[in-house]
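[1] Sequence and predicted structure below; questions after.
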Amino acid sequence: MGLNFGEKLNAAKQKMGDVKKSVGENMADFKQKNAENKAEREQAKAPVEGAIIRYLVVYKGGFPMKPQKKSDSLSIGFNVLEDSFVFKPELLAKQQWFGEENLVVPYDRVIKLELAKRQVSTAEYMMSGNGNAQSLEQLNNINITYLNENDIETILRVEMLTGTTVFGQAQKCTELMDLLREKRIFDKFRGEKKEQANAGGGDDILTQIEKLATLKEKGFITEDEFNAKKTELLSKL
């Protein structure tokens with residue numbers, strides 16, 4: 001026997017209540033996930049603990065296993081600390097390319113940091129006109145040469161995004177270089193000279209010590225002078 005009108009009405013109300021409850025639960029779920037995503041995005045944009053300053057950059061190359069991405073939305077926080085550079089990817093870069101871990105480059109592994117001119121794209125060249133395209137080749141690319149965890153020389157290339165315009169970005173790069181000088185961070189780099197000494201190998205240093213020993217035996221230098229110079233040379237190994 002079919003349902004009467006009252007029973008049908010109650011069934012319809014029950015169904016409507018179930019729908020409202022489901023919609024409410026889904027909406028609450030959506031709001032919670034949205035809040036969590038927002039918090040995660042904000043956390044990804046925050047400087048790392050101990051950062052002197054943070055700039056926004058985009059990866060331009062250097063890692064063979066991580067090919068260059070064209071999208072500037074894959075941005076990375078470039079944090080300057082007292083003892084290292086820390087590259088902390090924002091959320092999209094972390095999810096799509098960079099990975100979960102921050103890239104830490106200790107200063108005692110850095111050989112050099114240089115500014116380079118950005119490459120003008122074909123679209124920029126066409127839009128700016130031949131005469132103005134060259135003005136867009138500003139020094140807003142940062143190249144960091146360092147030894148990775150396997151002692152392999154690596155060049156990380158990034159482009160400054162902080163500063164909005166090409167000229168503003170170049171100004172931020174100048175600001176970065178001034179900060180590194182002010183904080184004497186360049187002095188903390190291992191540098192090219194030390195790297196070249198290491199590349200020359202221990203044989204060259206041992207040869208110098210042997211020559212010093214000969215000079216000592218012939219009386220040209222004292223025992224103390226020999227020991228002082230030997231200690232200095234051995235420290236370069």
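    Nice, I can see it.
[2] can you map out the helices along the chain?
    For the chain, the helices defined by DSSP state H cover 5-45, 91-93, 122-128, 130-133, 166-182, 191-199, 202-217, 223-234.
[3] If I average pLDDT within each of the ones you listed, which one is lowest?
    Ranked by mean pLDDT, the helices of the chain end with helix 191-199 at the bottom, a mean of 55.
[4] Return the distance of residue 113 relative to residue 135.
    As judged by Cβ to Cβ, to the nearest Å, residue 113 and residue 135 stand 25 Å apart. (Each C-beta comes from the backbone N, C-alpha and C, glycine too.)
[5] Show me which of these two is the more surrounded one.
    residue 113 (20 against 11; other Cβ atoms under 10 Å).
[6] can you count the residues close to the residue nearest to residue 53 when sequence neighbours are not counted?
    Sequence neighbours aside, residue 80 is the residue nearest to residue 53 in space, at 5.2 Å (criterion: Cβ to Cβ, 6 or more residues apart in numbering). Residues lying near residue 80 (other Cβ under 10 Å) number 20.
[7] again, but for residue 26
    Neighbours around residue 26, by other Cβ under 10 Å: 10.
[8] measure it to residue 211 for me?
    From residue 26 to residue 211 the distance is 81 Å (Cβ to Cβ).
[9] same check, this time on residue 109
    Counting by Cβ to Cβ, the separation of residue 109 from residue 211 is 32 Å.
[10] neighbour count winner among these two?
    Taking other Cβ under 10 Å, residue 109 and residue 211 do not tie; residue 109 has more neighbours (19 against 10).
[11] who's in contact with the more buried one?
    Listed by Cβ atoms under 8 Å, 6 or more residues apart in numbering, the contact set of residue 109 reads 146, 147, 148, 190.
[12] can you do 7 Å?
    146, 147, 190 (Cβ atoms under 7 Å, 6 or more residues apart in numbering).
[13] right, and the first one touches residue 105 too?
    Translated: residue 146. Yes - Residue 146 is within contact range of residue 105, at 5.3 Å (criterion: Cβ atoms under 7 Å).
[14] Between the two, which is the more surrounded one?
    Counting neighbours by other Cβ under 10 Å for residue 146 and for residue 105 shows that residue 146 has the greater number, 21 against 18.
[15] What's opposite the more buried one in the beta bridge?
    Beta-bridge pairing for residue 146 (DSSP bridges): residue 110, residue 154.
[16] Need the per-residue pLDDT for it.
    Reading off the model, residue 146 has pLDDT 95.
[17] and what of residue 55?
    95.
[18] What separation do you get for it and residue 163?
    Counting by Cβ to Cβ, the gap from residue 55 to residue 163 is 9 Å.
[19] Tell me which of the two has more neighbours.
    Each of residue 55 and residue 163 has its neighbours counted (other Cβ under 10 Å); residue 55 has more, 21 against 18.
[20] Would you check that that one makes contact with residue 169?
    No - under the criterion of Cβ under 7 Å, residue 55 is not in contact with residue 169, lying 9.3 Å apart.
[21] and for these two, which residues touch both?
    160, 162.
[22] Show me which parts of stretch 155-167 are buried, residue by residue.
    156, 157, 158, 159, 160, 161, 162, 163, 166 (16 or more other Cβ atoms under 10 Å).
[23] can you redo these as a markdown table with distance to residue 177?
    Formatted as a markdown table, the buried residues of stretch 155-167 follow (distance: Cβ to Cβ, whole Å):
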| residue | distance to residue 177 |
| --- | --- |
| 156 | 16 |
| 157 | 16 |
| 158 | 14 |
| 159 | 15 |
| 160 | 11 |
| 161 | 17 |
| 162 | 14 |
| 163 | 14 |
| 166 | 17 |
